[in-house]
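pasting a predicted model and its sequence here:
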Amino acid sequence: MKEDLNPFKIAQQQLDNAAQIMDLDPAAHAILREPKRILIMSIPVKLSSGKTRVFTGFRVQYNDARGPAKGGIRFHPEETLDTVKALSAWMTWKCALANIPFGGGKGGIICDTKKMNERDLELLSRAYVRHLGRDMGPEVDIPAPDVYTTPQIMAWMLDEYNNIVRHNEFGAITGKPVEVWGSQGRMDSTAMGGIFVLREAAKMLKMDPKKATIAVQGFGNAGKYAYTLSKKIIGSKVVAISDSEGGVYDPDGLDLAKLEEAKEKTGSVQGYKSKNAKKVSNEELLELKVDILIPAAIENQITGENADRIKCKLLLELANGPVTPEATDILFKKGIIDLPDFLVNSGGVIGSYFEWVQNQTGDYWETDLFYAKLDKIISKSFHDTMDVQAAYAAKGKKINPRMAAYIIALDRVAKAMKAKGWY
Ligand code: NAD
(Lines give C-alpha, C1' and ligand atoms only; values in the text may rest on other atoms or scores of the structure.)
Protein backbone atom coordinates (compact mmCIF):
# COMPACT_ATOMS: atom_id res chain seq x y z
CA MET A 1 0.00 0.00 0.00
CA LYS A 2 1.27 3.50 -0.82
CA GLU A 3 2.42 5.51 2.21
CA ASP A 4 -0.03 8.22 3.37
CA LEU A 5 1.93 11.50 3.20
CA ASN A 6 -0.72 13.72 4.81
CA PRO A 7 1.45 15.65 7.32
CA PHE A 8 -1.11 15.67 10.13
CA LYS A 9 -1.70 11.93 9.78
CA ILE A 10 2.10 11.48 9.99
CA ALA A 11 2.24 13.68 13.11
CA GLN A 12 -0.57 11.67 14.72
CA GLN A 13 1.06 8.37 13.75
CA GLN A 14 4.36 9.45 15.35
CA LEU A 15 2.49 10.53 18.49
CA ASP A 16 0.57 7.21 18.65
CA ASN A 17 3.80 5.21 18.34
CA ALA A 18 5.51 7.18 21.10
CA ALA A 19 2.43 7.05 23.34
CA GLN A 20 2.39 3.28 23.05
CA ILE A 21 6.12 2.88 23.77
CA MET A 22 6.07 5.17 26.82
CA ASP A 23 2.64 3.99 28.02
CA LEU A 24 1.26 7.54 27.98
CA ASP A 25 -1.90 8.15 30.01
CA PRO A 26 -4.82 7.62 27.55
CA ALA A 27 -6.42 10.94 28.54
CA ALA A 28 -3.20 12.87 27.84
CA HIS A 29 -2.86 10.97 24.56
CA ALA A 30 -6.41 11.89 23.52
CA ILE A 31 -5.84 15.58 24.31
CA LEU A 32 -2.55 15.63 22.39
CA ARG A 33 -3.98 14.00 19.24
CA GLU A 34 -5.86 17.18 18.29
CA PRO A 35 -5.13 20.91 18.42
CA LYS A 36 -6.56 22.93 21.30
CA ARG A 37 -7.76 25.75 19.06
CA ILE A 38 -8.07 26.29 15.30
CA LEU A 39 -8.79 29.65 13.72
CA ILE A 40 -9.87 29.70 10.07
CA MET A 41 -10.05 33.23 8.78
CA SER A 42 -11.62 34.72 5.71
CA ILE A 43 -9.57 37.85 5.10
CA PRO A 44 -10.76 40.47 2.60
CA VAL A 45 -8.00 42.77 1.33
CA LYS A 46 -8.59 45.79 -0.88
CA LEU A 47 -5.50 45.38 -3.09
CA SER A 48 -3.44 48.18 -4.62
CA SER A 49 -5.18 47.48 -7.94
CA GLY A 50 -8.44 48.58 -6.32
CA LYS A 51 -9.86 45.03 -6.47
CA THR A 52 -10.86 43.19 -3.31
CA ARG A 53 -9.64 39.63 -2.82
CA VAL A 54 -10.61 37.30 -0.03
CA PHE A 55 -7.70 35.23 1.34
CA THR A 56 -7.97 32.19 3.59
CA GLY A 57 -5.75 32.26 6.67
CA PHE A 58 -5.16 29.75 9.45
CA ARG A 59 -3.74 29.88 12.94
CA VAL A 60 -3.55 26.70 14.99
CA GLN A 61 -2.74 26.88 18.70
CA TYR A 62 -1.94 23.24 19.27
CA ASN A 63 -1.16 23.20 22.98
CA ASP A 64 -0.38 25.93 25.50
CA ALA A 65 -0.01 23.93 28.72
CA ARG A 66 3.67 24.96 29.08
CA GLY A 67 3.36 28.53 27.80
CA PRO A 68 2.03 30.70 24.98
CA ALA A 69 1.64 29.06 21.56
CA LYS A 70 4.76 29.63 19.47
CA GLY A 71 5.35 29.11 15.77
CA GLY A 72 5.80 30.65 12.35
CA ILE A 73 3.41 31.93 9.71
CA ARG A 74 3.74 30.53 6.17
CA PHE A 75 2.56 32.29 3.02
CA HIS A 76 2.11 29.50 0.48
CA PRO A 77 -0.13 28.94 -2.57
CA GLU A 78 -0.71 25.30 -1.54
CA GLU A 79 -1.10 25.87 2.19
CA THR A 80 -3.50 23.46 3.86
CA LEU A 81 -5.01 23.28 7.31
CA ASP A 82 -3.53 19.80 7.79
CA THR A 83 0.00 21.10 7.11
CA VAL A 84 -0.50 23.89 9.64
CA LYS A 85 -1.93 21.45 12.19
CA ALA A 86 1.04 19.09 11.78
CA LEU A 87 3.57 21.89 12.06
CA SER A 88 1.84 23.25 15.16
CA ALA A 89 2.05 19.80 16.79
CA TRP A 90 5.75 19.56 15.93
CA MET A 91 6.27 23.06 17.40
CA THR A 92 4.73 21.81 20.66
CA TRP A 93 7.17 18.90 20.85
CA LYS A 94 10.08 21.12 19.73
CA CYS A 95 9.55 23.68 22.52
CA ALA A 96 9.04 20.92 25.08
CA LEU A 97 12.19 19.04 24.05
CA ALA A 98 14.24 22.27 24.25
CA ASN A 99 12.56 22.88 27.62
CA ILE A 100 11.65 26.48 26.81
CA PRO A 101 8.45 28.01 28.25
CA PHE A 102 6.29 27.86 25.13
CA GLY A 103 3.57 25.67 23.70
CA GLY A 104 3.15 25.12 19.97
CA GLY A 105 1.35 26.96 17.21
CA LYS A 106 1.56 27.64 13.49
CA GLY A 107 -0.14 29.87 10.95
CA GLY A 108 -0.55 30.15 7.23
CA ILE A 109 -2.21 32.09 4.44
CA ILE A 110 -3.04 30.63 1.04
CA CYS A 111 -1.31 33.13 -1.26
CA ASP A 112 1.42 33.33 -3.87
CA THR A 113 3.94 35.95 -2.75
CA LYS A 114 5.76 35.72 -6.10
CA LYS A 115 2.64 37.20 -7.74
CA MET A 116 2.10 39.99 -5.18
CA ASN A 117 3.70 43.42 -4.97
CA GLU A 118 5.18 44.71 -1.71
CA ARG A 119 2.23 46.96 -0.93
CA ASP A 120 -0.25 44.08 -1.22
CA LEU A 121 1.96 41.86 0.93
CA GLU A 122 1.90 44.56 3.62
CA LEU A 123 -1.88 44.94 3.37
CA LEU A 124 -2.37 41.17 3.67
CA SER A 125 0.06 40.86 6.61
CA ARG A 126 -1.67 43.65 8.51
CA ALA A 127 -5.14 42.23 7.75
CA TYR A 128 -4.09 38.79 9.07
CA VAL A 129 -3.08 40.34 12.38
CA ARG A 130 -6.32 42.36 12.61
CA HIS A 131 -8.22 39.09 12.20
CA LEU A 132 -6.17 37.39 14.92
CA GLY A 133 -6.61 40.43 17.17
CA ARG A 134 -6.16 39.55 20.81
CA ASP A 135 -5.82 35.84 20.01
CA MET A 136 -2.10 36.63 19.72
CA GLY A 137 0.32 38.47 22.03
CA PRO A 138 3.48 37.83 24.07
CA GLU A 139 1.61 35.74 26.65
CA VAL A 140 -0.93 34.21 24.22
CA ASP A 141 0.53 33.22 20.86
CA ILE A 142 3.78 34.49 19.34
CA PRO A 143 4.20 34.21 15.55
CA ALA A 144 7.51 34.27 13.64
CA PRO A 145 8.65 34.03 10.01
CA ASP A 146 8.51 30.76 8.10
CA VAL A 147 8.26 29.74 4.44
CA TYR A 148 7.93 32.89 2.28
CA THR A 149 7.56 35.26 5.23
CA THR A 150 10.35 37.63 6.22
CA PRO A 151 11.56 39.89 9.05
CA GLN A 152 9.95 42.81 7.14
CA ILE A 153 6.57 41.05 7.22
CA MET A 154 7.05 40.50 10.97
CA ALA A 155 7.72 44.24 11.42
CA TRP A 156 4.41 45.14 9.67
CA MET A 157 2.56 42.54 11.73
CA LEU A 158 4.09 43.85 14.94
CA ASP A 159 3.09 47.41 14.05
CA GLU A 160 -0.50 46.32 13.39
CA TYR A 161 -0.64 44.41 16.68
CA ASN A 162 0.75 47.41 18.54
CA ASN A 163 -2.00 49.56 16.98
CA ILE A 164 -4.60 47.12 18.35
CA VAL A 165 -3.22 47.09 21.92
CA ARG A 166 -2.30 50.81 21.77
CA HIS A 167 1.29 50.38 22.96
CA ASN A 168 4.61 48.80 21.92
CA GLU A 169 4.82 45.11 22.73
CA PHE A 170 7.93 43.90 20.95
CA GLY A 171 7.63 40.37 22.39
CA ALA A 172 4.40 39.74 20.44
CA ILE A 173 6.34 38.53 17.38
CA THR A 174 9.86 37.17 16.87
CA GLY A 175 12.16 37.03 13.86
CA LYS A 176 11.89 40.81 13.59
CA PRO A 177 14.52 43.10 12.04
CA VAL A 178 17.07 44.21 14.67
CA GLU A 179 15.86 47.82 14.28
CA VAL A 180 12.62 46.82 16.01
CA TRP A 181 14.40 44.66 18.57
CA GLY A 182 14.86 41.46 16.68
CA SER A 183 17.81 39.56 18.13
CA GLN A 184 21.41 39.43 17.02
CA GLY A 185 22.07 35.81 16.00
CA ARG A 186 18.44 34.92 15.16
CA MET A 187 18.98 34.90 11.36
CA ASP A 188 21.25 31.86 11.33
CA SER A 189 20.16 30.29 14.63
CA THR A 190 18.35 27.34 12.96
CA ALA A 191 21.45 26.24 11.07
CA MET A 192 23.78 27.13 13.97
CA GLY A 193 21.73 24.88 16.26
CA GLY A 194 21.95 22.11 13.66
CA ILE A 195 25.73 22.51 13.55
CA PHE A 196 25.99 22.21 17.35
CA VAL A 197 23.98 18.97 17.09
CA LEU A 198 26.26 17.78 14.28
CA ARG A 199 29.32 18.43 16.45
CA GLU A 200 27.89 16.46 19.40
CA ALA A 201 26.70 13.60 17.17
CA ALA A 202 30.09 13.38 15.45
CA LYS A 203 31.76 13.13 18.87
CA MET A 204 29.39 10.31 19.83
CA LEU A 205 30.06 8.47 16.56
CA LYS A 206 33.81 9.09 16.86
CA MET A 207 33.64 10.70 13.42
CA ASP A 208 36.19 13.41 12.66
CA PRO A 209 33.94 16.23 11.38
CA LYS A 210 36.91 17.87 9.63
CA LYS A 211 37.23 14.82 7.44
CA ALA A 212 33.49 14.32 6.99
CA THR A 213 31.77 14.93 3.65
CA ILE A 214 28.36 16.60 3.69
CA ALA A 215 25.46 16.90 1.22
CA VAL A 216 22.83 19.59 1.83
CA GLN A 217 19.42 19.65 0.15
CA GLY A 218 18.17 23.26 -0.07
CA PHE A 219 19.90 26.60 -0.50
CA GLY A 220 17.51 28.83 1.48
CA ASN A 221 17.80 30.19 5.00
CA ALA A 222 18.38 26.78 6.61
CA GLY A 223 20.44 25.13 3.83
CA LYS A 224 22.70 28.04 2.94
CA TYR A 225 23.65 28.77 6.54
CA ALA A 226 24.11 25.03 7.17
CA TYR A 227 26.59 25.06 4.30
CA THR A 228 28.53 28.13 5.45
CA LEU A 229 28.54 27.20 9.13
CA SER A 230 29.58 23.58 8.66
CA LYS A 231 32.61 24.86 6.78
CA LYS A 232 33.31 27.76 9.17
CA ILE A 233 32.59 26.18 12.57
CA ILE A 234 33.33 22.51 11.94
CA GLY A 235 35.67 22.60 8.94
CA SER A 236 33.79 19.85 7.08
CA LYS A 237 33.72 19.51 3.31
CA VAL A 238 30.35 20.21 1.69
CA VAL A 239 30.42 18.24 -1.56
CA ALA A 240 26.82 18.66 -2.76
CA ILE A 241 24.02 21.21 -2.48
CA SER A 242 20.72 21.79 -4.28
CA ASP A 243 17.73 24.05 -4.77
CA SER A 244 14.32 23.38 -6.32
CA GLU A 245 15.91 23.10 -9.81
CA GLY A 246 18.39 20.40 -8.78
CA GLY A 247 21.87 20.15 -7.32
CA VAL A 248 25.60 20.15 -7.90
CA TYR A 249 28.20 17.65 -6.69
CA ASP A 250 31.95 18.23 -6.51
CA PRO A 251 34.05 15.66 -4.61
CA ASP A 252 36.66 18.40 -3.99
CA GLY A 253 34.13 20.55 -2.08
CA LEU A 254 32.01 23.53 -3.12
CA ASP A 255 32.87 27.21 -2.98
CA LEU A 256 30.24 29.66 -1.63
CA ALA A 257 31.17 32.62 -3.85
CA LYS A 258 30.86 30.42 -6.95
CA LEU A 259 27.56 28.96 -5.72
CA GLU A 260 26.13 32.43 -5.21
CA GLU A 261 27.39 33.52 -8.61
CA ALA A 262 25.74 30.49 -10.24
CA LYS A 263 22.48 31.19 -8.41
CA GLU A 264 22.52 34.83 -9.47
CA LYS A 265 23.50 34.24 -13.09
CA THR A 266 21.58 31.05 -13.88
CA GLY A 267 18.85 31.07 -11.21
CA SER A 268 20.11 27.78 -9.72
CA VAL A 269 23.13 26.29 -7.96
CA GLN A 270 23.16 23.82 -10.86
CA GLY A 271 24.94 26.51 -12.89
CA TYR A 272 28.05 25.99 -10.65
CA LYS A 273 31.25 25.41 -12.61
CA SER A 274 34.51 23.76 -11.52
CA LYS A 275 36.88 21.08 -12.82
CA ASN A 276 35.11 18.12 -11.22
CA ALA A 277 31.61 19.51 -10.60
CA LYS A 278 28.66 17.63 -12.04
CA LYS A 279 24.92 18.19 -11.95
CA VAL A 280 22.80 15.91 -9.76
CA SER A 281 19.05 15.75 -9.33
CA ASN A 282 17.54 16.25 -5.87
CA GLU A 283 16.85 12.50 -5.72
CA GLU A 284 20.48 11.67 -6.60
CA LEU A 285 21.81 14.13 -4.03
CA LEU A 286 19.99 12.30 -1.24
CA GLU A 287 21.52 9.00 -2.33
CA LEU A 288 25.17 10.17 -2.55
CA LYS A 289 27.78 8.30 -0.53
CA VAL A 290 28.56 11.01 2.02
CA ASP A 291 29.15 10.91 5.76
CA ILE A 292 26.45 13.44 6.65
CA LEU A 293 23.21 14.25 4.83
CA ILE A 294 21.29 17.43 5.70
CA PRO A 295 17.83 17.74 4.14
CA ALA A 296 17.06 21.45 4.53
CA ALA A 297 14.35 22.11 1.96
CA ILE A 298 10.89 20.55 2.11
CA GLU A 299 8.95 17.67 3.66
CA ASN A 300 8.60 14.01 2.57
CA GLN A 301 11.95 13.76 0.75
CA ILE A 302 13.06 10.43 2.22
CA THR A 303 10.21 7.94 2.01
CA GLY A 304 9.63 4.19 1.99
CA GLU A 305 10.51 4.33 -1.69
CA ASN A 306 14.11 5.66 -1.48
CA ALA A 307 15.15 5.12 2.19
CA ASP A 308 16.92 1.88 1.37
CA ARG A 309 19.23 3.72 -1.05
CA ILE A 310 20.38 6.34 1.48
CA LYS A 311 24.08 5.83 2.22
CA CYS A 312 25.08 8.48 4.80
CA LYS A 313 26.12 7.60 8.37
CA LEU A 314 24.42 10.59 10.00
CA LEU A 315 21.21 12.27 8.82
CA LEU A 316 20.37 15.68 10.25
CA GLU A 317 16.76 16.73 9.58
CA LEU A 318 17.11 20.49 9.31
CA ALA A 319 13.87 20.80 7.30
CA ASN A 320 10.53 20.02 8.92
CA GLY A 321 9.24 16.52 8.15
CA PRO A 322 11.79 15.44 5.49
CA VAL A 323 11.68 11.76 6.56
CA THR A 324 8.41 9.78 6.59
CA PRO A 325 7.56 7.20 9.31
CA GLU A 326 8.17 4.27 6.92
CA ALA A 327 11.57 5.72 5.99
CA THR A 328 12.43 6.29 9.67
CA ASP A 329 12.04 2.56 10.32
CA ILE A 330 14.11 1.58 7.27
CA LEU A 331 16.94 4.00 8.18
CA PHE A 332 16.97 2.72 11.76
CA LYS A 333 17.27 -0.88 10.56
CA LYS A 334 20.14 0.14 8.28
CA GLY A 335 21.99 1.63 11.28
CA ILE A 336 21.84 5.23 10.00
CA ILE A 337 21.64 7.76 12.84
CA ASP A 338 18.63 9.86 11.80
CA LEU A 339 18.22 12.82 14.14
CA PRO A 340 14.67 14.21 14.09
CA ASP A 341 13.60 17.64 12.86
CA PHE A 342 12.22 18.88 16.17
CA LEU A 343 15.66 18.36 17.72
CA VAL A 344 17.93 19.38 14.81
CA ASN A 345 16.09 22.57 13.71
CA SER A 346 15.05 23.71 17.19
CA GLY A 347 17.77 26.41 17.06
CA GLY A 348 15.22 28.60 15.26
CA VAL A 349 12.68 28.58 18.05
CA ILE A 350 15.35 28.66 20.75
CA GLY A 351 16.62 31.84 19.04
CA SER A 352 13.05 33.16 19.02
CA TYR A 353 12.81 32.43 22.73
CA PHE A 354 15.98 34.48 23.32
CA GLU A 355 14.49 37.33 21.27
CA TRP A 356 11.29 37.19 23.36
CA VAL A 357 13.26 37.13 26.64
CA GLN A 358 15.22 40.20 25.53
CA ASN A 359 12.02 42.00 24.47
CA GLN A 360 10.26 41.18 27.73
CA THR A 361 13.20 42.29 29.93
CA GLY A 362 14.69 45.09 27.82
CA ASP A 363 18.14 43.56 28.36
CA TYR A 364 19.84 43.01 24.96
CA TRP A 365 22.67 40.53 24.41
CA GLU A 366 25.79 40.31 22.25
CA THR A 367 25.81 37.60 19.56
CA ASP A 368 28.43 35.52 21.44
CA LEU A 369 26.15 35.19 24.46
CA PHE A 370 23.24 34.23 22.18
CA TYR A 371 25.26 31.43 20.55
CA ALA A 372 26.69 30.19 23.87
CA LYS A 373 23.19 29.89 25.34
CA LEU A 374 21.91 28.19 22.16
CA ASP A 375 24.77 25.69 22.27
CA LYS A 376 24.01 24.82 25.90
CA ILE A 377 20.27 24.21 25.33
CA ILE A 378 20.46 22.29 22.05
CA SER A 379 23.45 20.15 23.09
CA LYS A 380 21.50 19.19 26.22
CA SER A 381 18.47 18.25 24.07
CA PHE A 382 20.72 16.00 21.97
CA HIS A 383 22.25 14.27 24.99
CA ASP A 384 18.84 13.94 26.73
CA THR A 385 17.56 12.20 23.57
CA MET A 386 20.53 9.84 23.40
CA ASP A 387 20.20 9.07 27.13
CA VAL A 388 16.52 8.10 26.75
CA GLN A 389 17.37 5.93 23.75
CA ALA A 390 20.11 4.21 25.79
CA ALA A 391 17.79 3.77 28.80
CA TYR A 392 15.21 1.99 26.61
CA ALA A 393 17.95 -0.13 25.00
CA ALA A 394 19.06 -1.16 28.48
CA LYS A 395 15.48 -2.37 29.10
CA GLY A 396 15.66 -4.42 25.88
CA LYS A 397 13.55 -1.97 23.80
CA LYS A 398 15.23 -0.61 20.69
CA ILE A 399 13.79 2.80 19.83
CA ASN A 400 14.94 5.32 17.23
CA PRO A 401 16.09 8.86 18.17
CA ARG A 402 12.76 10.36 17.01
CA MET A 403 10.83 8.19 19.47
CA ALA A 404 13.30 9.04 22.26
CA ALA A 405 12.82 12.77 21.60
CA TYR A 406 9.02 12.30 21.49
CA ILE A 407 9.07 10.53 24.85
CA ILE A 408 10.89 13.46 26.50
CA ALA A 409 8.59 16.06 24.92
CA LEU A 410 5.32 14.21 25.56
CA ASP A 411 6.27 13.50 29.16
CA ARG A 412 6.89 17.23 29.78
CA VAL A 413 3.65 18.38 28.10
CA ALA A 414 1.60 15.64 29.78
CA LYS A 415 3.01 16.55 33.21
CA ALA A 416 2.15 20.24 32.66
CA MET A 417 -1.42 19.34 31.62
CA LYS A 418 -1.76 17.03 34.63
CA ALA A 419 -0.50 19.74 37.02
CA LYS A 420 -3.07 22.16 35.57
CA GLY A 421 -5.82 19.60 36.05
CA TRP A 422 -6.59 19.04 32.35
CA TYR A 423 -6.92 15.31 32.97
P1 NAD B 1 13.62 28.82 2.22
O2 NAD B 1 12.36 29.13 1.50
O3 NAD B 1 14.54 29.92 2.61
O4 NAD B 1 14.51 27.77 1.37
C5 NAD B 1 14.00 26.58 0.85
C6 NAD B 1 15.03 25.97 -0.10
O7 NAD B 1 14.52 24.72 -0.56
C8 NAD B 1 15.28 26.81 -1.35
O9 NAD B 1 16.66 26.75 -1.66
C10 NAD B 1 14.47 26.09 -2.43
O11 NAD B 1 15.02 26.27 -3.73
C12 NAD B 1 14.63 24.66 -1.96
N13 NAD B 1 13.57 23.80 -2.49
C14 NAD B 1 12.27 24.06 -2.69
N15 NAD B 1 11.66 23.00 -3.24
C16 NAD B 1 12.59 22.03 -3.37
C17 NAD B 1 12.58 20.70 -3.85
N18 NAD B 1 11.48 20.15 -4.35
N19 NAD B 1 13.73 20.01 -3.80
C20 NAD B 1 14.86 20.56 -3.31
N21 NAD B 1 14.94 21.81 -2.86
C22 NAD B 1 13.82 22.53 -2.89
O23 NAD B 1 13.16 27.98 3.50
P24 NAD B 1 13.99 27.73 4.83
O25 NAD B 1 13.63 28.77 5.83
O26 NAD B 1 15.41 27.48 4.51
O27 NAD B 1 13.28 26.38 5.32
C28 NAD B 1 13.68 25.11 4.81
C29 NAD B 1 13.15 24.03 5.73
O30 NAD B 1 13.66 24.25 7.05
C31 NAD B 1 11.62 24.02 5.87
O32 NAD B 1 11.20 22.70 6.07
C33 NAD B 1 11.40 24.82 7.14
O34 NAD B 1 10.16 24.52 7.75
C35 NAD B 1 12.59 24.35 7.95
N36 NAD B 1 12.92 25.26 9.05
C37 NAD B 1 13.40 26.50 8.81
C38 NAD B 1 13.68 27.33 9.88
C39 NAD B 1 14.25 28.70 9.67
O40 NAD B 1 14.56 29.37 10.67
N41 NAD B 1 14.43 29.15 8.45
C42 NAD B 1 13.44 26.89 11.21
C43 NAD B 1 12.97 25.60 11.41
C44 NAD B 1 12.71 24.78 10.32
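Yes, it's here. Residues are numbered from 1 along each chain as shown.

got the contact list for the closest residue to the ligand within the stretch 101-250 of the chain?
Residue nearest to the ligand within the stretch 101-250 of the chain: residue 220 (1.7 Å; Cβ to the nearest ligand atom). All C-beta spots, glycine's among them, are computed from the backbone N, C-alpha and C. For residue 220, the contact set (Cβ atoms under 8 Å, 6 or more residues apart in numbering) comprises 243, 296, 297.

out of these, which touch the ligand?
Residues of the contacts of residue 220 in contact with the ligand (Cβ under 6 Å from any ligand atom): 243, 296, 297.

dump the residue contacts of the last one.
In other words, residue 297. 217, 218, 220, 222, 223, 242, 243, 244, 282, 319, 322.

return the subset of those lying in strands.
217, 242, 243 (DSSP state E).

tell me the secondary structure at residue 330.
Per DSSP: H, G, I helix; E, B strand; the rest coil, the secondary structure class of residue 330 is helix.

with adjacent residues omitted, what lies nearest to it?
residue 307 (3.8 Å; Cβ to Cβ, 6 or more residues apart in numbering).

how many residues are close by that neighbour?
Around residue 307 there are 22 other residues, counting by other Cβ atoms under 10 Å.

which SSE is immediately downstream of the helix or strand that residue 294 is a member of?
Assigned by DSSP states H and E, residue 294 falls within strand 292-295. Using DSSP H and E, the helix or strand that follows strand 292-295 in sequence is strand 314-316.

same for that next one, what does it pack against?
helix 189-205, strand 292-295, strand 337-339 (3 or more Cβ pairs under 8 Å, 6 or more residues apart in numbering; DSSP states H and E).

the lengthiest strand in the chain: how far from the chain's middle?
Longest strand in the chain, counting residues (DSSP E): strand 52-63. Here strand 52-63 is found 20 Å from its chain centre; the criterion is Cα atoms, centre = their mean, to the nearest Å.

adjacent strands (with direction) for the helix or strand just after it?
Remark: after strand 52-63, the chain's next helix or strand is strand 69-76, criterion DSSP H and E. When pairing is defined by DSSP bridges, strand 69-76 lines up against strand 104-110 (parallel), strand 141-145 (parallel).

just put these in JSON lines and tack on distance to the ligand, mean neighbour count and mean pLDDT.
Converted to JSON lines, the strands paired with strand 69-76 look like this (distance: least, Cβ to the nearest ligand atom, whole Å; neighbours: other Cβ atoms under 10 Å; pLDDT from 0 to 100):
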{"stretch": "strand 104-110", "distance to the ligand": "10", "mean neighbour count": "27", "mean pLDDT": "98"}
{"stretch": "strand 141-145", "distance to the ligand": "7", "mean neighbour count": "27", "mean pLDDT": "97"}
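
got those strands as TSV, with distance to residue 185 columns?
Shown next, in TSV, are these (distance: least, Cβ to Cβ, whole Å):
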stretch	distance to residue 185
strand 104-110	22
strand 141-145	14
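
hang on, the earlier thing: packing partners for the longest strand of the chain?
strand 37-46, strand 69-76, helix 81-98, strand 104-110, helix 118-132, strand 141-145.

hmm, try it at 7 Å
strand 37-46, helix 81-98, strand 104-110, helix 118-132 (3 or more Cβ pairs under 7 Å, 6 or more residues apart in numbering; DSSP states H and E).

who touches it?
Outside of strand 52-63, the residues within contact range by Cβ atoms under 7 Å, 6 or more residues apart in numbering are 32, 35-47, 69, 81, 84-85, 88-89, 91-92, 103-111, 124, 128, 131-132, 141, 413.

which ones are touching the residue of the chain positioned farthest from its centre?
Distance to the chain centre peaks in the chain at residue 50, reaching 36.6 Å (criterion: Cα atoms, centre = their mean). The contact partners of residue 50, taken as Cβ under 7 Å, 6+ apart, number zero.

that one should be in a helix, yeah?
No. Residue state for residue 50 (three-state DSSP) corresponds to coil; a helix is not indicated.

which stretches in the stretch 251-400 of the chain count as helices?
256-266, 282-286, 325-334, 341-344, 347-361, 367-394 (DSSP state H, counting those that start in this stretch).

for the last one, packing partners?
I take that to be helix 367-394. Using 3+ Cβ pairs under 7 Å, 6+ apart: helix 367-394 touches helix 81-98, helix 189-205, helix 341-344, helix 347-361, helix 401-419.

next, the buried residues of the longest one.
Neighbour-count burial for helix 401-419 flags 401-414, 416-417 (criterion: 16 or more other Cβ atoms under 10 Å).

the stretch 151-300 of the chain against the ligand: which residues are in contact?
Contacts of the stretch 151-300 of the chain with the ligand, taken as Cβ under 6 Å from any ligand atom, map to 190, 217-223, 242-244, 282, 296-298.

list only those of these flagged as buried.
190, 217-223, 242-243, 282, 296-298.

point out the least confident one among the residues you listed.
Across these, the bottom pLDDT score, 88, is held by residue 221.

so what's that residue closest to, chain neighbours aside?
Among residues not flanking residue 221 along the chain, residue 190 sits closest, at 6.9 Å (Cβ to Cβ, 6+ apart).

wait, isn't the one you found in contact with residue 349?
No. If you go by Cβ atoms under 7 Å, residue 190 and residue 349 don't touch, sitting 8.6 Å apart.
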